[in-house]
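> build me a model:
(chains A, B and C)
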Amino acid sequence: MRITLNVWRQKNARDAGGFEKYDCPNVSEDMSFLEMLDVVNEDLIAKGRDPIAFDHDCREGICGMCGFMISGVAHGPESGTTVCQLHMRKFKDGDELWLEPWRAKGFPIIRDLTVDRSALDRIVASGGFVSVHTGSAIDGNAIPVPKPNADLAMDAAQCIGCGACVAACPNASASLFTSAKISHLALLPQGQPERDRRAINMVERMNAEGFGHCTNIGECEAVCPKEIKIENIARMNRDYLCASFKKRPEVKRVED
Amino acid sequence: MSTASQSVSDAGPLARFLSSTLGKKTVMAVTGFIMFGFVVGHLVGNLQVFAGDGGVKLNAYAAFLKNTPALLWGTRIVVGFSLIAHVWAAAGLKRLSNEARPVQYKMHKHLQSTAASKNMFWGGISLFFYIIYHLLHLTVGVASPIAGSFSHTNIYGNMIASFQNPALVAVYVFAMFALGMHLYHGLYSLFQTLGLSHPAYMPRIRLGAKVFGALIAIGFSSMPVAILLGAVK
Amino acid sequence: MKLDAHIPEGPIEKKWDTHRFKMKLVNPANKRKFTVIVVGTGLAGGAAAATLAELGYNVKAFCFQDSPRRAHSIAAQGGINAAKNYQNDGDSIYRLFYDTVKGGDYRAREANVYRLAQVSVNIIDQCVAQGVPFAREYGGVLANRSFGGAQVSRTFYARGQTGQQLLIGAYQALERQIGLGKVQMYARTEMLDVIVVDGVARGIVTRDLVTGKVEAHMGDAVALGTGGYGNVFFLSTNAKGSNATAVWRAHKHGALFGNPCYTQIHPTCIPVSGDYQSKLTLMSESLRNDGRVWVPKKAGDTRAPGAIPADERDYYLERRYPSFGNLVPRDVASRAAKAVCDEGRGVGPGGLGVYLDFADAIKRLGANTVAERYGNLFQMYERITGEDPYKVPMRIYPAVHYTMGGLWVDYNLMTTVPGLYAIGEANFSDHGANRLGASALMQGLADGYFVLPYTIGDYLATVKPGAVGLDHPEVKAALARVNDRTAKLLAIKGKRTVDSFHRELGKLMWDNCGMGRNKAGLEHNLKRIPELRAEFWQNVSIPGTGEEFNKELEKAGRVADFLELGELMCRDALHREESCGGHFREEYQTPDGEAARNDERFQYAAAWEWKGEGVTPVLHKEALNFEYVHPTQRSYK
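Here you go, the predicted structure:
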């Protein structure tokens, strides 16, 4: 089948950027979307032009590296799927598609469809962990976890950190991402000692990174490749609220 | 050494809370809920226009409020403060979300959001201007169409006189439609914002928000429409 | 060069404890004077970086992805083994040790494997404490399953995403140390050389993949947790970015390469659909618990599977291995699939596939039960192929999955370059010639959390921190080497794309150094690969410059290394005139077609020494002694 692509090309963060049109006459329906782009790139290189830069790695939908907007939808039209697992049979012969990078202040563009998502790492670094040194753990079965809680925690922990939630949100909010990590740990006994600090630090880091606010409309949930639910955002809100009013000044740790 | 645990600023807890997006959202949820309560009371009081007694009950109710300044001014202060806080938080959040996406998409499709949720901001702005007009019109009595003939005691008469004008009725009905939509998403959303949600009862909360939004819109609209059609004289 | 594995004395169950006691310690107040460089942030690298930082060392961590959370450990599905014996079914450290040595076809080092089994129990505790949401029973305790044909249930899992959850656990620990300022993280940064001064590893040279900036980083020790080299084959289940550049550059600086020919082929992957294919997707081998594998009896039978009557189908695994049937180990299942496809009985486009049929399971268990067990895998299959496995049999074919070979390391995980360590899949140590299911995650985390943090201290206690500065001539030479190589690649401006070379290399490797290997094929490769390499250096086309985000340049550097490593793999495969585990030499098989080991001649680990471009590498041998698990012939009849 034949597909026409309009791809956002931007050489680097300072470049203004714009759309370029590519005609792809021989697309097989068994190709993945990224394999289709591979073919476009091979062709561009053969013509001595710069290939389209897009992030990707595992190509099996788990590493979270790939992702861009396909005609206005993060990761494209198939729900619960990253672009690497989206196959061309989901499109029709003659379709014209618009490929754009994730757009958010928190995700500066590196090149073409590639953006810098290190803000998400910094949100995790601000509190998305359990402070347990290697070797200090007690026996795994000494911490019983009710199965429903373990399952709910796993639902949230599945987040692959791709950034589609930010991309789809009209306010470029990172609430779904942040709340998935807060929920994952809040639902487990291991996460309790740091639950309040975690909620406050992660939410404030999320704000400081320049992401917008949540208007509870669910666009993030609709595009999430792991189908993470906005009930996690409610849990984050609750934790943040409770923690804010419970909080006492912390005794500062003396660093060595 | 600056560590993650100390990255939280040293401002007071309330200032920090209010400076965060979630703090502002909480302000919106709480003040929105207060105003919702006011709107329900306002509607119940005003529905006395349908008593069929030529406005005796309604005017008596208005006189009662006037003669109970603690209630009247207490409500006015709380609701007025809520409105200001609601608008303040909304403006702050709107500014943040504008900054959060400096370059817009060429194409951006919405998959899940309702019309109500997408129009919260512009709906809110419309309601804000509507409220100013409404106060000037039926509380202070300085706005057309009854600026000259406004009576501070005959509320019923003010309404009957005003709503003979089809254009004005249209404005009121449109505003109430906007209010209904705003309440629909706002009521649903406040449960999510305050973290009072649970997947098992969220569908019911959504339905309840829809019903309340519709009842308020229909209830308020019924008065000018009934007057225009001559059902209430 | 004499290979010394530094295996501690004493009975096997005491070796690690004795060794830990004898190791020198670094004074706690001095730890912050040392800098350790960790390359790669998967299970091994991420866990090591976090743990070393917790101990007080300064750590610089590097990954080529945009975040340390994306390392390919994330894609492991099945689970992680540990000798917890929570199921009371007779598991023990000794049994896990025994199974791993046997499963490795007696080509692993006993002392390392025993230690791996020992620390496996600590790994589970550590991961639970970090908040890894392992599957639970209703009583709140951890759930287990039996995996990969093991006789006990010792596999811990988190749905089908165990690797992801374990990696996120390590990533969270790492991010915590980044937040505390103990780890400096360099994402989108690729290591391009090791700095070796007077025979000792002192740092690395990196390229910032966004700006192209080439820089030297000095450290008192360097640990490579950069994964395996399965992408030599172009098509594999590895991530597109997985590469051998770090280990290969280390190899060129004197680190011996152990057992390069040991490659694991996974039997249940989705077959290739066309020339554009960019990678292969693995499906959990648990599918073989209920699916039946078959091909048509007649070669070239192109009828739809439903139109082939039962008596014209060959359920070849059940026929050849009546007692294990469809559950034979990975290598056996893979070779059997290749054999029937070689006979022209393969199915699907190109004839490279066999059916995995659930019709009988659906009849026996009902579609609902099958959906409960395999629903997500069926969905994944349908997403990729567009076929509904509830109605049409799945098509599967083997694919390269894991490489048991890697940098040769001693018991301390140190390579033959002092101060240079290799951990996880990047080293060769624990799996012998074949890795058991759910053991890769175990080994990566064992190395990262519980082995390297101890053994590296023993080395650091003997060196002066910061002994070599950025102004050392060796540093300048290393920077110049990297810059020259980049300039050379960009100056070629040829006609062929990087991927076209990679595909051609991959095909050579798959055809002649894949599931079945023989002398003629390997000799063909040893002739053809140097020719291809020469063409690459004359005719590769790389657009753009070195001072920008340039994915083609990144790929070109990696493929250039694969073109050398591929040759070494073939050389190793040619020299090993026996069949063992993942290495099947067609000339060396039992009369009924099974792998025939030759313990007398080849009971050793092959460690190859780089001697320069175009010079034949030198083979060193580490003899393997089996004091506890005595070699026997595997049989699955």
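> outline the domain layout of chain A.
Each domain of chain A is listed here as a residue range: A:3-111, A:117-246, per automatic domain parsing.
> which one of these lies nearest to chain B?
domain A:117-246 (2.4 Å; C-beta to the nearest C-beta). (Glycine included, C-beta is placed from N, CA and C.)
> quick revisit: right, so the domains of chain A: which one is the most enclosed?
Sort those by mean neighbour count, taking mean count of other C-beta atoms under 10 Å in any protein chain shown, and domain A:117-246 sits at the top with a mean of 23.
> any part of that domain near chain C?
Yes: residues of domain A:117-246 are located near chain C by C-beta under 8 Å from any C-beta of the partner chain, namely A:117-118, A:120-121, A:124-126, A:128-141, A:143-147, A:150, A:153-154, A:157-158, A:160-161, A:184-185, A:188, A:190-191.
> pull up the distance across that domain, start to finish.
Start and end residues of domain A:117-246 are separated by 32 Å (C-alpha to C-alpha, to the nearest Å).
> before we move on, what about stretch A:205-215?
Its first and final residues considered, stretch A:205-215 spans 19 Å by C-alpha to C-alpha.
> and that stretch, how far out from the chain's middle?
The offset between the C-alpha centroid of stretch A:205-215 and the centroid of the whole chain comes to 14 Å, using C-alpha atoms, centre = their mean, to the nearest Å.
> ok, it near chain B or not?
Yes: Stretch A:205-215 comes into contact with chain B (C-beta under 8 Å from any C-beta), by way of A:205, A:206, A:207, A:210, A:211, A:212, A:213, A:214, A:215.
> could I get those residues as CSV with pLDDT?
Formatted as CSV, these follow (pLDDT from 0 to 100):
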residue, pLDDT
A:205, 96
A:206, 97
A:207, 95
A:210, 96
A:211, 97
A:212, 95
A:213, 95
A:214, 95
A:215, 94
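> which one of these is nearest chain C?
Within the set of the residues of stretch A:205-215 next to chain B, residue A:205 lies nearest chain C; the separation is 9.4 Å, counting by C-beta to the nearest C-beta.
> excluding chain neighbours, what is closest to the closest residue to chain C within the stretch 1-150 of chain A?
In the stretch 1-150 of chain A, no residue comes nearer to chain C than residue A:144, which is 3.0 Å away by C-beta to the nearest C-beta. The spatially closest residue to residue A:144, leaving aside those adjacent along the chain, is residue C:140, at 3.0 Å (C-beta to C-beta, 6 or more residues apart in numbering or on different chains).
> tell me the contacts of that neighbour?
A:144, A:145, A:146, A:147 (C-beta atoms under 8 Å, 6 or more residues apart in numbering or on different chains).
> now it: which helix or strand?
Element membership of residue C:140, judged by DSSP states H and E, is empty: it is in no helix or strand.
> so how far is residue A:148 from it?
Relative to residue A:148, residue C:140 is positioned 10 Å away (criterion: C-beta to C-beta, to the nearest Å).
> one more: residue C:394?
32 Å.
> what mean pLDDT would you report for stretch B:125-143?
Per-residue pLDDT values across stretch B:125-143 average out to 94.
> mind checking the end-to-end distance for that stretch?
Chord length of stretch B:125-143, first to last residue, is 20 Å (C-alpha to C-alpha).
> which other helices and strands contact the lowest-mean-pLDDT helix or strand in chain A?
Taking mean pLDDT, DSSP states H and E as the measure, helix A:231-246 is the helix or strand of chain A with the lowest mean score, a mean of 94. With contacts defined as 3 or more C-beta pairs under 8 Å, 6 or more residues apart in numbering or on different chains; DSSP states H and E, the packing partners of helix A:231-246 are helix A:175-186, helix A:195-208, helix B:13-19, helix B:21-46, helix B:166-193.
> does residue B:195 really touch residue A:234, like I thought?
Yes: in this structure, residue B:195 sits in contact with residue A:234. The criterion is C-beta atoms under 8 Å, and the distance is 4.7 Å.
> follow-up on the earlier one: want to throw the domains of chain A into a markdown table with distance to residue C:594?
Compiled in a markdown table, those are given as follows (distance: least, C-beta to C-beta, whole Å):
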| stretch | distance to residue C:594 |
| --- | --- |
| domain A:3-111 | 32 |
| domain A:117-246 | 39 |
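> which residues in the stretch 51-200 of chain A form helices?
Taking DSSP state H, counting those that start in this stretch as the test, the helices found in the stretch 51-200 of chain A are A:118-125, A:147-157, A:164-168, A:175-186, A:195-208.
> so which strand or helix has residue 37?
In the absence of a named chain, chain A is used. With DSSP H and E as the test, residue A:37 turns up in helix A:33-46.
> try chain C instead
strand C:35-39.
> tell me which element residue B:85 is part of?
Secondary structure from DSSP H and E places residue B:85 in helix B:69-100.
> quick one, that helix and helix B:166-193 angle?
Angle, helix B:69-100 to helix B:166-193, by axes from the mean of the first three to the mean of the last three C-alpha atoms, to 10 degrees: 70 degrees.
> would you mark the buried spots in helix B:69-100?
Within helix B:69-100, the residues scored as buried using 16 or more other C-beta atoms under 10 Å in any protein chain shown are B:75, B:79, B:82-83, B:85-86, B:89-90, B:92-94, B:96-97, B:100.
> for stretch B:180-200, same thing?
Within stretch B:180-200, the residues that qualify as buried are B:180-195, B:197, counting by 16+ other C-beta under 10 Å.
> cool, stretch C:89-109 as well?
Along stretch C:89-109, these residues count as buried under the neighbour rule (16+ other C-beta under 10 Å): C:91, C:93-109.
> keeping just the C-alphas, turn that stretch into PDB.
These are the backbone C-alpha positions of stretch C:89-109, laid out as PDB (Å, rounded to 0.1, in the frame of the first residue of the first chain):
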ATOM      1  CA  ASP C  89       9.500 -29.300  46.900                       C
ATOM      2  CA  GLY C  90      13.100 -30.200  47.600                       C
ATOM      3  CA  ASP C  91      14.900 -27.300  46.100                       C
ATOM      4  CA  SER C  92      18.200 -26.200  47.600                       C
ATOM      5  CA  ILE C  93      21.300 -24.100  46.800                       C
ATOM      6  CA  TYR C  94      23.000 -27.300  45.800                       C
ATOM      7  CA  ARG C  95      20.200 -28.400  43.500                       C
ATOM      8  CA  LEU C  96      20.200 -25.000  41.700                       C
ATOM      9  CA  PHE C  97      23.900 -25.200  41.400                       C
ATOM     10  CA  TYR C  98      23.700 -28.800  40.000                       C
ATOM     11  CA  ASP C  99      20.900 -27.900  37.500                       C
ATOM     12  CA  THR C 100      22.800 -24.900  36.300                       C
ATOM     13  CA  VAL C 101      26.100 -26.800  35.700                       C
ATOM     14  CA  LYS C 102      24.300 -29.600  34.000                       C
ATOM     15  CA  GLY C 103      22.100 -27.300  32.000                       C
ATOM     16  CA  GLY C 104      25.300 -25.500  30.900                       C
ATOM     17  CA  ASP C 105      26.400 -28.800  29.400                       C
ATOM     18  CA  TYR C 106      29.500 -28.900  31.700                       C
ATOM     19  CA  ARG C 107      31.200 -25.900  30.300                       C
ATOM     20  CA  ALA C 108      30.800 -23.500  33.300                       C
ATOM     21  CA  ARG C 109      33.100 -22.900  36.300                       C
END
